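> below are the sequence and a predicted model; questions follow.
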Amino acid sequence: MSTAESVYSALVRREGSRAGDLPERVERDIPRNGLRLVTANTLQSSGDQTVNASTVLPWLFHALGVPAALVGLLVPIRESLAMLPQAFLTPLVLRVRHRKWVFVAGAGVQAAAVAVMAAIAALGHGLAAGIGILAALVVFSLGRCLCSIASKDVQGRTIPSGERGQIIGLATSAAGLVAVTLGLGIRVLGGDDLRPGFLALLLAAGALLWVLSATVYAQVTEPGEEAAAAGKGREGSDDEAGGSWFGEVIRLFREDATFRRFVTVRGLILVSSLSPPFLVSMSVGAGTGALAGLGGFILASGIASLLGGRIFGRLADRSSRLLMAWAAAAASAVAVVIVAVVSLPAFDGGSAAGAAFFVAGYFVLTLLHSGVRVGRKTYVVDVAEGDLRTTYVAVSNSAMGIILLVVGGISSLIALAGAQWALVFLAALGFVGAASGLRMPEVSGRARG
């Protein structure tokens with residue numbers, strides 16, 4: 001047994017794997033490809049932490065004296081623009097035989113964009129710096145689109161069903177470790193007064209991480225024609241690829257019940273991803289002190305990812321459908337409990353117990369979000385093959401870009417009456433989505449095998 005096989009087998013449970021579904025040459029390369037994918041995705045996730053639109057970039061804007069009005073554009077640009085263009089970019093991606101090069105190109109775009117942000121952080125100030133960083137973030141998000149489309153396809157071509165969830169989970173856990181390390185490092189080295197020079201170095205390190213991610217990803221041994229041939233097993237995967245792209249999108253929503261249900265469920269179970277900011281808002285409003293800042297919440301998020309990635313990766317390989325549904329239901333229940341406890345007359349958010357309650361709630365929501373995220377990523381890789389998988393990923397992500405804006409806008413409007421009502425709204429959607437998720441078809445390797 002080679003070193004790669006020994007390490008891979010120690011990290012990934014291989015019983016229940018459907019390795020026989022892959023071409024023989026691809027099957028021999030599973031351990032090496034698996035380790036390369038985990039490494040590349042970990043490097044990418046580490047880079048994400050250095051350019052986090054919810055933490056690092058707002059601090060940078062504050063340090064550079066950027067008007068506060070521009071801060072509110074960071075998360076919408078980062079999240080929506082990384083999803084919305086995918087349906088338009090997919091026809092170009094489908095022409096590329098080896099999809100790993102699409103990921104490499106996307107990582108290169110992100111590295112260049114973050115390098116520009118680092119230069120602005122070191123040299124810029126005020127409104128002009130803010131506009132420049134937002135423009136770089138737009139380019140960054142477009143690069144992210146390419147990586148998102150290609151990564152699911154490459155994983156589906158190189159890793160068998162029954163092991164994919166664990167690959168995603170390992171990268172999630174590694175990202176959690178990076179978040180914990182980064183959170184502690186910033187608190188120790190920068191404290192509460194982070195200077196632009198420190199953040200510029202942090203961004204420069206992020207750009208280097210994307211270069212390393214692209215370098216590792218380029219080493220993945222990916223089949224070309226074999227994977228395309230395997231994709232012909234599902235109706236409509238290749239014969240219609242040359243037709244109208246938008247006609248294919250409409251056909252998917254109209255005729256493909258599995259795809260339609262997946263997008264619907266994914267749009268309903270946003271409770272774990274959209275609730276944490278409202279929880280932070282509630283904690284500040286309740287008078288929570290230092291734990292409401294960087295330390296408590298970033299560490300809680302990092303530890304949750306560190307633990308959740310490993311646990312949920314294995315559960316996703318058993319049944320990604322059930323993982324999505326139950327994690328969303330649990331997150332909805334947690335949101336309701338948080339609202340109920342905070343509404344008690346005796347609750348004091350300014351006390352140590354109150355602050356610990358908010359951080360604990362944030363930890364549980366983030367942990368459950370890891371489950372939802374790993375589950376849905378595994379499901380979309382397992383549910384289709386070949387070019388149809390690429391289409392599923394791109395169209396569902398583009399739809400989610402719109403859904404995120406709509407649901408996020410509605411919940412923000414509801415939050416004008418109080419953040420707790422936004423949590424109740426998201427919890428209600430989550431319960432409906434969880435019930436719908438239980439009725440989705442089973443696609444995981446172990447559950448089918």
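Yep, it's here.

> what sits closest to I77 if chain neighbours are left out?
In space, not counting the residues next to it along the chain, I77 is nearest to L137; the distance is 5.2 Å by C-beta to C-beta, 6 or more residues apart in numbering. Every residue, glycine included, has its C-beta placed from N, CA and C.

> quick one: contacts for A419?
Taking C-beta atoms under 8 Å, 6 or more residues apart in numbering as the contact definition, A419 lies against F278, L279, S281, M282, G285.

> kindly recompute the last result at 10 Å.
275, 277-286, 339, 342, 411-412 (C-beta atoms under 10 Å, 6 or more residues apart in numbering).

> give the PyMOL command for selecting the buried subset of those residues.
Those of the contacts of A419 that meet the burial criterion (16 or more other C-beta atoms under 10 Å) are gathered into one PyMOL selection, given here:
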select buried, resi 275+277+278+279+280+281+282+283+286+339+342+411
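
> in strands only, show me the contacts of A419.
Within the contacts of A419, membership in strands is found for no residue, as judged by DSSP state E.

> among the contacts of A419, name the least confidently predicted one.
Comparing pLDDT over the contacts of A419, the lowest score belongs to V284 (67).

> helix/strand/coil for M440?
Of the three states, M440 takes coil under DSSP: H, G, I helix; E, B strand; the rest coil.

> I'd assumed L323 was in contact with it.
No: counting by C-beta atoms under 10 Å, M440 stays clear of L323, with 11.5 Å between them.

> those two: who's more crowded?
Each of M440 and L323 had its neighbours counted (other C-beta atoms under 10 Å), and the higher figure belongs to L323 (28 against 20).

> so R157 touches R97, yeah?
No: distance between R157 and R97: 11.0 Å, which falls outside the contact criterion (C-beta under 10 Å).

> for the two, indicate the residue with more neighbours.
More crowded of R157 and R97, by other C-beta under 10 Å: R157, with 28 against 12.

> just the pLDDT for the more buried one.
Looking at R157, the pLDDT reads 82.

> pull out the buried positions in whichever strand or helix holds it.
Assigned by DSSP states H and E, R157 falls within helix 126-158. Buried residues in helix 126-158, counting neighbours by 16+ other C-beta under 10 Å, are found at 129-130, 132-134, 136-137, 139-158.

> picking up where we left off before, who are the contact partners of the residue nearest to I77?
51, 53, 57, 73-74, 77-78, 81-82, 113-114, 116-117.

> and R321, by the same measure?
If you count contacts by C-beta under 10 Å, 6+ apart, then R321 has 262, 265, 375-376, 378-379, 382-383, 437-444, 447 around it.

> which of those are buried?
Buried, going by 16+ other C-beta under 10 Å: 262, 265, 375-376, 378-379, 382-383, 437, 440, 443-444, 447, out of those.

> contacts only, for the residue nearest in space to the middle of the chain.
For the chain, the residue lying nearest the average C-alpha position, counting by C-alpha atoms, centre = their mean, turns out to be R373 (6.5 Å). Shown in contact with R373 (C-beta under 10 Å, 6+ apart): 168-169, 172, 272-273, 305, 308-309, 312, 316, 323-324, 327.

> where's it, which helix or strand?
Assigned by DSSP H and E, R373 falls within helix 352-382.

> from the chain's centroid, how far away is the host helix or strand of L299?
L299 belongs to helix 294-342 when assigned by DSSP H and E. With C-alpha atoms, centre = their mean, to the nearest Å as the basis, helix 294-342 stands 13 Å off its chain's centre.

> and that helix with helix 352-382, angle?
Orientation check (axes from the mean of the first three to the mean of the last three C-alpha atoms, to 10 degrees): helix 294-342 against helix 352-382 gives 100 degrees.

> ok, now how distant is the closest residue to S398 other than its chain neighbours from R97?
Excluding the flanking residues, the one nearest S398 by C-beta to C-beta, 6+ apart is A87, at 3.8 Å. Taking C-beta to C-beta, to the nearest Å as the criterion, A87 is separated from R97 by 21 Å.

> R195: neighbouring residues, count only.
Close neighbours of R195, defined as other C-beta under 10 Å, add up to 10.

> actually F253, not the one I typed
Under the neighbour criterion other C-beta under 10 Å, F253 is assigned a count of 14.

> please enumerate the helices of the stretch 51-200 of the chain.
Taking DSSP state H, counting those that start in this stretch as the criterion, the stretch 51-200 of the chain contains helices spanning 56-64, 74-80, 86-93, 100-123, 126-158, 164-189, 196-217.

> nearest to S9 among those would be which one?
Evaluated over the helices of the stretch 51-200 of the chain, closeness to S9 peaks at helix 164-189, with 11.4 Å, by C-beta to C-beta.

> and the angle from the closest one to helix 126-158?
When the same axes, to 10 degrees is applied, the directions of helix 164-189 and helix 126-158 differ by 150 degrees.

> list the buried residues in helix 164-189.
Of the residues in helix 164-189, those buried under the neighbour-count criterion (16+ other C-beta under 10 Å) are 164-180, 182-183, 186.

> with stretch 213-224 instead?
Of the residues in stretch 213-224, those scored as buried under the neighbour-count criterion (16+ other C-beta under 10 Å) are S213, A214, V216, Y217, V220, T221, E222, P223.
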